[in-house]
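[1] the amino acid sequence is not available; the structure is as follows:
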């Protein structure tokens, strides 16, 4: 204790574990706001961990003499247990509490009711009414839920949180809702994060699996240069599921190689707002056993959408191979490429049904397919459509509808477009 007090007097605010303190509790207990608890690279903390509201920096990855740190190449490990989340936080924790440089694994979450469901939450990290900063972490091998119990957030669960997640990889976790990340009533920002290859529990007796990578309820999420990929066996929202009027603002990154048997192989959203800029939506598929999958890349229902500079390629569904818009009050797609998408029935590039207003400006919609019925490029019905400065070309499919732009109902206005080389016809219903 005397040595610790002397170090404090000399202004040493780095508390070294295990070299200086015999237990992690001692290191944290002696820390003051703004101090750093440093954990040596390769150290395994063999217990679930709860961090106090003290504004400390909890950093792993230090070398043996604590003169340098490699948080990604040589992290420490928090090894949780099936009876609890591997990492959680006491009430009041804010962004000045930082966790950086750890692998977080082996957690089994905590039981809650009413946030918003009764179930088990946050296998790896449970953020409940707190807003820590999470940086340079790998969250892997955590699991919540079973056939009999709903699981939400196999990797991370956010409830009432404004957390910043930066350079966090969420991989190989398991849940019913949000195999990677689950958010409820949260306004969270993810920067440079990777959410990949998380697993869905498909035999839950009460709920189908939704949101293999991310599942959000009544939340506003911001994603910057994040990738969500490699999720399968979902009912809806193979990569991302946004429910209860949640909103998403996504810039950069990709939604890729996810699958759902129902709606939204890449993204499913019901209500709220969606803003996407410079995002690749690629190779999202209708899942195994799908009977009528809608929106291979994107499925939006009742969403106010602003989509700019997207690359939507290689996605599949029965309707709306690239994207499907239904009952949206306002949807704007600009400066984007929809190419090489396939719908087994119609709307290979885009399927738009019952929207109030859809605007397509400056896009290229080419080489998509509507295999059986046609409308390989665009199938549009209901509401008003404004199409300007857009190329619709070389789309293929069946003969029931033109494979360029097929209008099944509503009104459309065309200005300065280049529509050519589409099978059967360039236009129908206009």
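    It's in. Since the structure is predicted, the reported quantities are computational estimates derived from the model, not experimental observations.
[2] beta partners for residue 110?
    As for beta bridges, residue 110 partners with residue 121 under DSSP bridges.
[3] before we move on, what about residue 385?
    residue 358, residue 412.
[4] neighbours of it, just the number please.
    When neighbours are counted by other CB atoms under 10 Å, residue 385 registers 23. Where C-beta positions appear, they are placed from N, C-alpha and C, glycine not excepted.
[5] and for residue 353?
    By the criterion of other CB under 10 Å, residue 353 has 22 neighbours.
[6] give the contact list for the closest residue to it other than its chain neighbours.
    Ranked by CB to CB, 6 or more residues apart in numbering and with sequence neighbours excluded, the top spatial neighbour of residue 353 is residue 326, at 5.0 Å. Listed by CB atoms under 8 Å, 6 or more residues apart in numbering, the contact partners of residue 326 are 294, 299, 300, 301, 302, 352, 353, 354, 355.
[7] want to throw those residues into TSV with distance to residue 30 and secondary structure?
    Below are the contacts of residue 326 laid out as TSV (distance: CB to CB, whole Å; DSSP: H, G, I helix; E, B strand; the rest coil):
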residue	distance to residue 30	secondary structure
294	57	strand
299	52	strand
300	52	strand
301	53	strand
302	53	coil
352	61	strand
353	62	strand
354	62	coil
355	60	coil
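[8] residue 111 versus the residue nearest to residue 353, what's the distance?
    Separation of residue 326 from residue 111 (CB to CB, to the nearest Å) stands at 36 Å.
[9] returning to that earlier point: can you pull the pLDDT of the residue nearest to residue 353?
    Residue 326 is assigned 98 on the pLDDT scale.
[10] go on, the one 5 residues further on?
    Confidence per residue is given as pLDDT, and for residue 331 that number is 98.
[11] before we move on, which element is it in?
    Residue 331 is part of strand 330-334 when elements are defined by DSSP states H and E.
[12] shouldn't residue 26 be within a helix?
    Yes. Counting by DSSP: H, G, I helix; E, B strand; the rest coil, residue 26 is found in a helix.
[13] start the count at 29 instead of 1 going forward.
    With 29 as the first residue, the last one maps to residue 54.
[14] that one: neighbouring residues, count only.
    Neighbour count of residue 54, defined by other CB under 10 Å: 15.
[15] so where's the stretch 329-458 of the chain shaky on pLDDT?
    Scanning the stretch 329-458 of the chain for pLDDT under 70 picks out no residues.
[16] next one: the stretch 29-178 of the chain
    29-39.
[17] contacts only, for residue 452.
    Going by CB under 8 Å, 6+ apart, residue 452 touches 402, 425, 426, 427, 429, 430, 431.
[18] gap between the nearest residue to residue 139 once chain neighbours are set aside and residue 404?
    Nearest non-adjacent residue to residue 139, counting by CB to CB, 6+ apart: residue 148, 5.4 Å away. According to CB to CB, residue 148 stands 45 Å off from residue 404.
[19] quick check: which element contains the residue lying closest to residue 111 once chain neighbours are set aside?
    Distance criterion CB to CB, 6+ apart; nearest residue to residue 111, sequence neighbours excluded, is residue 136 at 6.0 Å. Under DSSP H and E, no helix or strand contains residue 136.
[20] distance of residue 136 from residue 343?
    Per CB to CB, residue 136 is found 35 Å from residue 343.
[21] just want to know which of these two has more residues nearby.
    The residue with more neighbours, out of residue 136 and residue 343, is residue 343; 32 against 22, by other CB under 10 Å.
[22] quick check, that one in contact with residue 294.
    Yes. Using CB atoms under 8 Å, residue 343 is in contact with residue 294, at 6.7 Å.
[23] hang on, the earlier thing: can you report how many residues lie near the residue nearest to residue 139?
    Neighbourhood size, residue 148 [other CB under 10 Å]: 26.
[24] contact partners for the residue nearest to residue 111?
    Residue 136 touches 108, 109, 110, 111, 112, 113, 148, 151, 170, 171, 172, counting by CB under 8 Å, 6+ apart.
[25] ok, the fifth one touching residue 137?
    Yes. Residue 112 lies in contact with residue 137 (CB under 8 Å); the separation is 7.4 Å.
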